[in-house]
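**Student:** I would like to see how this sequence folds:
(4 chains)
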There are 2 protein chains.
Amino acid sequence: MKGSTGTMLLTLLSRQPLYGYEMLRELERRSEGVFSLKEGTLYPILHSMEGEGWVEAYWEAVNGRNRKYYRITDKGGRILNEKKAEWALFRNAVDSVIGEGGV
Amino acid sequence: MKGSTGTMLLTLLSRQPLYGYEMLRELERRSEGVFSLKEGTLYPILHSMEGEGWVEAYWEAVNGRNRKYYRITDKGGRILNEKKAEWALFRNAVDSVIGEGGV
DNA sequence: TTTTTATACATAGTATTGCTATGCATAGAA
DNA sequence: TTCTATGCATAGCAATACTATGTATAAAAA
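**Tutor:** Predicted coordinates for the structure are as follows:
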């Protein structure tokens, strides 16, 4: 795994607010087991994105447990669009280079 | 850029031996300008791949200039196949997570 | 003729990214 | 009462790629 983790996390949050632990399982499920982030990878990224103003956090107690939920901000939404475009460019460029149908 | 540089370089070398400077331009051309590696990125990768036994180097003088050509080894060919499979897995997983048609 | 540009390889230092390991704390199941 | 799952967090390390810089030569431009 290298790169686009932030893009994937922002995408998950663009659908609905999630808390960290939930993101780990959601990412694993949607990638069919390919991405199983560890907490040590996830939380620093979330803190960093919060510092950038891409996401906002709020605590909520559910079933007697404290969960820190994250929601995407307007700025985060704009960044997500940029990152998705970057990913498409990157992916297509790699495919052009390594693909059988290369120029 | 994050990751798959080695895969792309091995792919180029799987077609024909190339020297470093040539790889820079070839990568840029095939990716339509998306990847413009700098020497400071390329040469350490080549040295590392040589150390792993994925490529072999030999010097050749052409037009009065010394060029260090690299050719892919059998081992490098096997690694390339693995890396291509990894890339496909990674790419598809990212697309599953961020794609509109997500589960 | 001299300067600039392109060619050609190389290393040092730094930033980013993500991993492993570890710590703390609680709810629920065994 | 002990283990497992949940839940957030930081420290330290490894890999990756970038910037900056150095050396050297051929060809083109001034």
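**Student:** When you work out contacts or count neighbours from here on, use the C-alpha atoms and nothing else.
**Tutor:** OK.
**Student:** Only alpha carbons, please: show the helix or strand containing residue A:70 as PDB.
**Tutor:** Here residue A:70 is covered by strand A:65-72, with elements defined by DSSP states H and E. This file holds the C-alpha atoms of strand A:65-72, laid out as PDB (Å, rounded to 0.1, in the frame of the first residue of the first chain):
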ATOM      1  CA  ARG A  65     -18.600   3.500  24.600                       C
ATOM      2  CA  ASN A  66     -16.900   6.700  23.600                       C
ATOM      3  CA  ARG A  67     -16.400   7.000  19.900                       C
ATOM      4  CA  LYS A  68     -14.600   9.800  18.000                       C
ATOM      5  CA  TYR A  69     -16.500  10.400  14.900                       C
ATOM      6  CA  TYR A  70     -15.100  12.200  11.800                       C
ATOM      7  CA  ARG A  71     -17.100  14.000   9.200                       C
ATOM      8  CA  ILE A  72     -15.800  15.500   6.000                       C
END
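**Student:** Check what contacts it and list those residues.
**Tutor:** By Cα atoms under 8 Å, 6 or more residues apart in numbering or on different chains, the list of residues contacting strand A:65-72 from outside reads A:10, A:13-14, A:16-20, A:54-61.
**Student:** what about it and DNA strand D, touching?
**Tutor:** Yes. Against DNA strand D, strand A:65-72 shows contacts by Cα under 7 Å from any atom of the strand at A:65, A:66, A:67, A:68, A:69.
**Student:** Can you go through those and name the buried ones?
**Tutor:** A:67, A:68, A:69 (16 or more other Cα atoms under 10 Å in any protein chain shown).
**Student:** Can you lay out the residues you listed as TSV showing distance to residue A:80 and pLDDT?
**Tutor:** Formatted as TSV, those follow (distance: Cα to Cα, whole Å; pLDDT from 0 to 100):
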residue	distance to residue A:80	pLDDT
A:67	24	95
A:68	21	96
A:69	19	97
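**Student:** what's the strand or helix carrying residue A:81 packed up against?
**Tutor:** Using DSSP H and E, residue A:81 sits in helix A:74-98. On a contact count with 3 or more Cα pairs under 8 Å, 6 or more residues apart in numbering or on different chains; DSSP states H and E, helix A:74-98 meets helix A:5-15, helix B:5-15, helix B:20-30, helix B:74-98.
**Student:** Let's see that with 6 Å instead.
**Tutor:** The helices and strands touching helix A:74-98, judged by 3 or more Cα pairs under 6 Å, 6 or more residues apart in numbering or on different chains; DSSP states H and E, number zero.
**Student:** Ranking by neighbours, what's the top pick from the contacts of strand A:65-72?
**Tutor:** residue A:10 (26 neighbours; other Cα atoms under 10 Å in any protein chain shown).
**Student:** Give me the below-cutoff pLDDT ranges for chain A.
**Tutor:** Within chain A, the stretches with pLDDT under 70 are A:1-3, A:100-103.
**Student:** again, 50 this time
**Tutor:** A:1, A:101-103 (pLDDT under 50).
**Student:** Contact residues of it facing DNA strand C?
**Tutor:** Looking at DNA strand C, the residues of chain A close enough under Cα under 7 Å from any atom of the strand are A:1-6, A:37-41, A:45, A:63-65.
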